[in-house]
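Q: Fold the following and give me the result.
(one chain, ligands or ions: 1)
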Amino acid sequence: MLNKLIFDDSILSFHRISRGQNNNNSVNSSLNSLTINKKDFEKQIVTLKKYFNIIDLNKILNSKLNSKKRNIVLTFDDGYKDNLTNALPILRKYKVPATIYITTRFLQNKCNIWWYEIEKFISKNSQLKFKFLDKSYSFSLKSKKNKKRCFEILSSLFKELNYNQQNNLLRKITKKGNRTQYKKELLSKQDLIFLNKNYLITIGAHTHNHISLTCLNNKDSILELKKSKKILENLLKKKVYHFAYPYGSKKDATLRESNLVKKVKFKSAVTTQIQFHKIKNKFLIPRLHINSKDQGIILLLKLSWFYKLYQIIKEKF
Ligand SMILES: [Zn+2]
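A: Numbers count the residues shown, from 1 in each chain. From the prediction side, this is the model:
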């Protein structure tokens, strides 16, 4: 009873599960928070299993659930290799299901990832100057604080660009024509076929190019959505019904995008927004981002009404 008063059903978002200790020297804390070490992840699963039912995404969408415990759904974004090598053994050990949302460009050997490439550039250099779309940018990168700030400014810039613009900007920043490839870090087609055979895993789409749909007109947004859906369906030989918005904030996923997702026949779409309601619109489902610091009582607090209230108040004022 108390459980039902404090908690609500929640969908959790993860990205990467690492083998060793996290490298917290990254110039950006939001990149650090993408990775959880597998021991910490296992502890989180143990805590979650104790207080919640960890169920499949399809179940939370389709049925009227009536259980003593609240329900939790686990999701992973982008399609990192460690979802297979480090997360899957833990998911299997505790028999907990998860959904993995794939950026399909990565399956076609186009494995450039702007956030890792700019992070590397910023960490290795002491200054950055470039001109982009008639605007001049100049950053001193001498201190850790400078580097963090630069990463944040560039990230907001990248999130508002389409794929070609992102690559142009990377060329201006790095002064290199070739993009760094992160193939080893990402799931391959074979990996995905293997994961798909596991009854615990559901595969969803995450656009083809990992672009915020708000940067694209309706036609190009539909192309991004359809392409990622089709590539996955052809590879897995089954329908793909679930979608996650890249970045997923209030800026990246609005009613317009949700209507487009519906139009291309997805059945659900998750954001990264924190909301009071659980699922009001199946195409704008709220999610909670979980990082390695969320353990024990902190993890439980994050899943309670108190945290939602705190976040919503913080956003308003
Ligand atoms: Zn993503």
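
Q: how long is stretch 95-105 end to end?
A: Taking CA to CA, to the nearest Å, stretch 95-105 runs 30 Å from one end to the other.

Q: Tell me which helix or strand residue 223 sits in.
A: Assigned by DSSP states H and E, residue 223 falls within helix 218-236.

Q: elements contacting that helix?
A: Here helix 218-236 touches helix 189-197, strand 201-205, helix 255-263, going by 3 or more CB pairs under 8 Å, 6 or more residues apart in numbering; DSSP states H and E. From N, CA and C alone the C-beta is placed, and that goes for glycine too.

Q: Longest strand in the protein, by number of residues?
A: Counting by DSSP state E, the longest strand found in the chain is strand 70-78.

Q: tell me which residues in the strand or helix carrying residue 168 are buried?
A: If you go by DSSP H and E, residue 168 is part of helix 163-174. Buried residues in helix 163-174, counted by 16 or more other CB atoms under 10 Å: 163, 165-166, 169-170, 173-174.

Q: Any part of stretch 253-260 near the ion?
A: No. Where contact is defined by CB under 5 Å from the ion, no part of stretch 253-260 touches the ion; the two come within 12.0 Å at best.

Q: what is the mean pLDDT for that stretch?
A: Taken as a whole, stretch 253-260 has an average pLDDT of 97.

Q: Excluding its own residues, what touches it? List them.
A: Applying CB atoms under 8 Å, 6 or more residues apart in numbering, the contact partners of stretch 253-260 are 213-214, 218, 221-222, 225, 245, 269, 271, 273, 281, 283-284.

Q: Using PDB, write out every CA atom in stretch 227-235.
A: The C-alpha trace of stretch 227-235 is given here as PDB (Å, rounded to 0.1, in the frame of the first residue of the first chain):
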ATOM      1  CA  LYS A 227      14.000   4.500 -42.500                       C
ATOM      2  CA  SER A 228      15.000   3.400 -39.000                       C
ATOM      3  CA  LYS A 229      11.800   1.400 -38.700                       C
ATOM      4  CA  LYS A 230      12.300  -0.300 -42.000                       C
ATOM      5  CA  ILE A 231      16.000  -1.100 -41.500                       C
ATOM      6  CA  LEU A 232      15.200  -2.800 -38.200                       C
ATOM      7  CA  GLU A 233      12.200  -4.700 -39.500                       C
ATOM      8  CA  ASN A 234      14.200  -6.000 -42.500                       C
ATOM      9  CA  LEU A 235      17.000  -7.100 -40.300                       C
END
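
Q: returning to that earlier point: buried residues in the helix holding residue 223?
A: 221-225, 227-229, 231-232, 235-236.

Q: How far off centre is that helix?
A: In terms of CA atoms, centre = their mean, to the nearest Å, the centre of helix 218-236 is found 18 Å from the chain centre.

Q: State the next helix or strand along the chain beyond that helix.
A: Next along from helix 218-236, by DSSP H and E: strand 242-244.

Q: what packs against that following strand?
A: Against strand 242-244 (3+ CB pairs under 8 Å, 6+ apart) you get strand 98-102, strand 201-205, strand 268-270.

Q: what's the last one packed up against?
A: Right, the one you point to is strand 268-270. Under the contact criterion of 3+ CB pairs under 8 Å, 6+ apart, strand 268-270 touches strand 242-244, helix 255-263.

Q: of all those, which lies closest to residue 97?
A: Nearest of the helices and strands packed on strand 268-270 to residue 97, taken as CB to CB: strand 242-244 at 12.5 Å.

Q: Not counting its neighbours along the chain, what's nearest the most centrally placed residue in the chain?
A: Centroid-nearest residue in the chain, with CA atoms, centre = their mean: residue 77, separated by 3.6 Å. Once flanking residues are discounted, residue 77 sits nearest to residue 101: 5.1 Å by CB to CB, 6 or more residues apart in numbering.

Q: Against residue 43, how distant is the one you found?
A: 24 Å (CB to CB, to the nearest Å).

Q: Tell me which of the two has more neighbours.
A: Neighbour count, other CB atoms under 10 Å: between residue 101 and residue 43, residue 101 has more, with 26 against 17.

Q: quick one: that one and residue 207 touch, right?
A: No. Contact criterion CB atoms under 8 Å: residue 101 and residue 207 do not qualify, at 9.2 Å.

Q: which bits of the stretch 101-250 of the chain sit near the ion?
A: Counting by CB under 5 Å from the ion, the residues of the stretch 101-250 of the chain near the ion are residue 246.

Q: Find the closest residue to the ion in the stretch 101-250 of the chain.
A: Using CB to the ion, the single residue of the stretch 101-250 of the chain nearest to the ion is residue 246, 4.8 Å away.

Q: residues in contact with that residue?
A: Taking CB under 8 Å, 6+ apart, we find residue 246 in contact with 103, 206-207, 210-213, 252.
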